[in-house]
Every structure is written in structure tokens, then in C-alpha cells.
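Trainee: structure of the sequence below:
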Amino acid sequence: MKKTLLLLVAGLGCWFMTMAQDTTEVTDDTPKPKYAKETFNSTKIINLQSTEIIPQQSLQFMVSHHFSYLWNKDQNTEDNLAQFFGLNSGVAHTYVSFDYSPTVYMNLGVALAGQSSYEGWAKFRILRQQTGAKNIPVSVSSYSMANVDFAQDKGTGSTWDKWSFLHQLLIARKFSDKFSFQLVPSLIYLNKVPYGINNSNFVFSIGGAGKWQMTSTLNLTMEYTRQLNMYENIISESGTIQNYSPDLLSLGLELNTGGHQFQFYVGNTIHSSAIDQLARNTGYIKDGNFAFGFTINRSMNLK
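Mentor: Model prediction:
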């Protein structure tokens, strides 16, 4: 009887060892996640943020210029030609930013946003498009930014009135090696709202952006956003009626040289800050209010 029990225990032990080895082999064979890489080639597509985050412990320096309109219908031909399609008009709204990624899922940044305004933001990676152990069809990031305008209402009002906030959900998918698309719902909160009817602290917009890879170093990019409220018959403190363009359209070329990235684009805005672009844009597509712009991007690993 004892011999029978010993043989049974030994047999069970060998069976459990075999099962453990089989389990280990299954775990080793489990496919590793394959992440979609370079859905977009920069943290900004043109004016809109992308789902991309620079590598951990990397610092990025970015400079953007938005020039005057290519052709001003209120000026004569000689003045328009002298201003060389807005490049020599004396108007260049500049945006200078620095951002850093302390982790693989978080990006922090500050910027000189032009006209005595400053910005700070945080971007968080929520999901990454991947196949393998998990099948996640999209990449998702959140972006929150605060803007303080020191030029607003000098000598009047409170400091808190000068603040505005932007929140965006970035949902992107890389459909192929050539084509990527991103959906961008946005919410802007204005601490100070003009007086009168049709006014709200909240400004909503919805946008889309795409990238088409033409060559290994050259991409075609496009953006369109539609402001959903706060653009018609806004009455200011002085009693004047203000109207804004609800449509923001941009088309660009993106060149990657290895050390730097250059973005050249044309769009119906001259503003450098996303707050002004998405809530107070005065460039109407129907009037041909398009302007040149460019962005230079340089990132470096601090490890």
C-alpha cells in the first residue's frame, strides 16, 4: 500500500512539474506588444497638439512664427506686393516653447506665447495603439494648458481675469505606414467674458488632423477645426459687436533632417496661441485671409 502511495505521489509530482514547464513555455510564447510608431512626427501637427510625447528625459525647444495675411483685400496692390505676401509686413507672431518628459507617459512645458502672454501645459499618454498581447486600435492623450495674458486690461480688473484654460482629448490612429488621422475635441474656459448676449465662459470646438508620408523625410499635413459657439455677435465692454471666424484650416509640409524638424504651412490665422486660434480667430476663409507660418523643432536627450 505504501509503495502504491509513493508511486502515486511521485507520478503526481512529475505531472505537476510537466504542467509548470508547459505553462512557462506558453508565457514565453505570448506575443509582445507591437506599438504604432511615429503616428505623427512631432508633438504638434501644425497648430494642434498630437498624441506624440518626446522620449523620457528629453528636452524639446520649439519656435513658431505666424506672419501677416498673404493678400489684404483692404490694401492696394502696391502695398500688398511691397509686403511680399505678408512676410515683409512687420507682423510676425512668435511662439517659443520648452518642454520636457520626466516619464514615458507625461510631458510638461512652458512657452512665451507672444503679446505679453505666457503658457504652461501638461500632456499625458493614456493609451498607445498596439497589437500583440493587446489589440488597442487608437492612441489617446490628454492635453491641458493655462494661458495668462499680462497685456489684458492693464490697470483694471483682477489678475485672475487674465487667465484662460484649454483642455483637449487627442485620439489618433495610424491606418498605414503612409496615413495617420487624429480627432481633437477642445474645451476653452475664459475667466473673463465680454458683456452682452451670446456670451459664455466656455468655448467648444471639434477638429481633425491628418498626415500623409510622402517620403522618408517629407510629410504632408492638414488641420481643420470648427468653433461651435462664442463666435457670432459677441458684445464687448465698449458695446461694440465682435464676430470671429469659426473655421480654422491649415495645410503644411514637414521636413525631418535628423537633427531638426521644419514645418512650413499656410492657414487662416495669424495668432500664435491656441487660445486665440480656437476662440478669437479673425481670419475668414471666405475673405482669403491666409498667412504663411513655420515651426523649427529641436529635441535633445539629457541622459
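Trainee: where in this protein is pLDDT low?
Mentor: Low-confidence segments of the chain, defined by pLDDT under 70, span residues 1-30, 153-160, 194-198, 237.
Trainee: ok, now with 80
Mentor: Within the chain, the segments meeting pLDDT under 80 span 1-31, 72-91, 151-161, 193-198, 236-239, 258-259, 303.
Trainee: tell me which element residue 79 falls in.
Mentor: With secondary structure defined by DSSP states H and E, residue 79 is part of helix 77-82.
Trainee: what's in contact with that helix?
Mentor: By Cβ atoms under 8 Å, 6 or more residues apart in numbering, the residues outside helix 77-82 that reach it are 71-72, 88. Placement of C-beta: from N, CA and C, glycine included.
Trainee: so which strand or helix has the closest residue to residue 116 other than its chain neighbours?
Mentor: The shortest distance from residue 116 to any non-neighbouring residue, by Cβ to Cβ, 6 or more residues apart in numbering, is to residue 151 (3.9 Å). Assignment of secondary structure by DSSP H and E places residue 151 within no helix or strand.
Trainee: I'd say residue 151 and residue 114 touch.
Mentor: No - between residue 151 and residue 114 no contact is recorded; they are 9.7 Å apart, counting by Cβ atoms under 8 Å.
Trainee: who has more neighbours out of the two?
Mentor: Between residue 151 and residue 114, counting by other Cβ atoms under 10 Å, residue 114 is the more crowded of the two (21 against 10).
Trainee: show me what contacts the more buried one?
Mentor: The neighbourhood of residue 114, defined by Cβ under 8 Å, 6+ apart, consists of 93-95, 272-273.
Trainee: what about those residues, which are in helices?
Mentor: Nothing among the contacts of residue 114 maps onto helices, per DSSP state H.
Trainee: among those, name the buried ones.
Mentor: Neighbour-count burial within these applies to 93, 95, 272-273; the criterion is 16 or more other Cβ atoms under 10 Å.
Trainee: and stretch 61-77, end to end?
Mentor: From the first residue to the last, stretch 61-77 extends over 38 Å; the measure is Cα to Cα, to the nearest Å.
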